[in-house]
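1. sequence first, then the predicted structure, then my questions.
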Amino acid sequence: MNFWDQNFSIGGYKYGTAPNTFLVEQQQRFQPGSDVLVPGDGEGRNGVWLAQQGHRVTAMDGSAVGLHKAQALATERGVALHTVLGDLADWTPEPFSFDAVVLVFVHLPPAVRVGSHRRLAAALRPGGWLLLEGFHPQQLQHRSGGPKDPAMLFTPELLRDDFAGLLEEKMAWEGEVALDEGPGHQGLAHTTRWLGRASD
C-alpha cells in the first residue's frame, strides 16, 4: 500500500470535504462549463466542488483509495467525476485539452516537479488558467501540515521559473492563512498562491 493509500484509508476525509478557500475565491475566472483537470485531488474535495459548479472535471491522483472516496463523494452530491489513476512523475495529459488546471497542496520532489508542472501547463487551451496553492518554505515554522523537506515547498519565484514561457503570471502571493481542511490541514499556515494564464 503506498503512502497516500495508507493516509486515505482512515475513516472520514483526511482533508475534509469542503473545497480549498483560494479555489472558491478564484473559480469565477473559469468559463462556465469548463473542462477542469485537478491533479493530486486525493479524496476529491476540490474536484467534486468544481463539478457542483457545473464544470466537467477530471480528478487525477496516485491513490486508488483516494479516488474511490472521491467517487463516493461525487455520488453523494449527485455530480459526475471522471477519475484517472496515475503518477505525476510521468503522467502526461493531452496538450490543449483543459480550460483550467487546479493544483492544491500538490508537493513533488524537485526532480519530478518541474517536468510535471510544464506538462500540466501544456495541457491548457489558449486563455486557460492554472491555479496553485502550496506551502511556502516558512511553513516549516508551523504544524498545520505539509512536507518537512524545504525542497518540496513553493515560493512565487520558483513557480515563475517552472512555468516560464508557458504561462503569464496573473497573481503571486505568499503569506499566512488559517487552514481548516479536515484533520490534515489545521491552523495557521504559510502558503504561496499563484495564478497563471496560457496566452490566447
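-> Cool, the structure landed.
2. mind listing what's buried along stretch 87-96?
-> L88, P93 (16 or more other CB atoms under 10 Å). For glycine as for every other residue, the C-beta is placed from the backbone atoms N, C-alpha and C.
3. other SSEs contacting whichever helix or strand L37 is part of?
-> Secondary structure assigned from DSSP states H and E places L37 in strand 35-39. Applying 3 or more CB pairs under 8 Å, 6 or more residues apart in numbering; DSSP states H and E, one finds that strand 35-39 contacts helix 45-52, strand 56-61, strand 98-104, helix 110-122.
4. chain center to the first one, what's the gap?
-> It stands for helix 45-52. For helix 45-52, the distance from its own C-alpha centre to the chain's C-alpha centre is 12 Å (CA atoms, centre = their mean, to the nearest Å).
5. from the contact counts, what lies against it?
-> helix 21-26, strand 35-39, strand 56-61, helix 64-77, strand 98-104.
6. list the buried residues of that helix.
-> Across helix 45-52, burial judged by 16+ other CB under 10 Å covers R45, N46, G47, V48, W49, L50, A51.
7. what angle separates it from helix 64-77?
-> An angle of 30 degrees separates the directions of helix 45-52 and helix 64-77 when computed by axes from the mean of the first three to the mean of the last three CA atoms, to 10 degrees.
8. next, the angle from helix 45-52 to strand 98-104.
-> Computed by the same axes, to 10 degrees, the angle between helix 45-52 and strand 98-104 is 150 degrees.
9. other residues contacting helix 45-52?
-> The contact list for helix 45-52 (CB atoms under 8 Å, 6 or more residues apart in numbering) reads 13, 15-20, 23-24, 27, 36, 38, 41, 57-59, 70, 73-74, 77, 79-81, 102, 104, 181.
10. cool, and stretch 4-14?
-> For stretch 4-14, the external contacting residues (CB under 8 Å, 6+ apart) are 1, 42-43, 45, 61-66, 69, 73, 182-184.
11. please repeat the previous calculation with a cut-off of 7 Å.
-> Residues external to stretch 4-14 that are found in contact with it (CB atoms under 7 Å, 6 or more residues apart in numbering): G42, E43, R45, G62, S63, A64, V65, G66, K69, G182, P183, G184.
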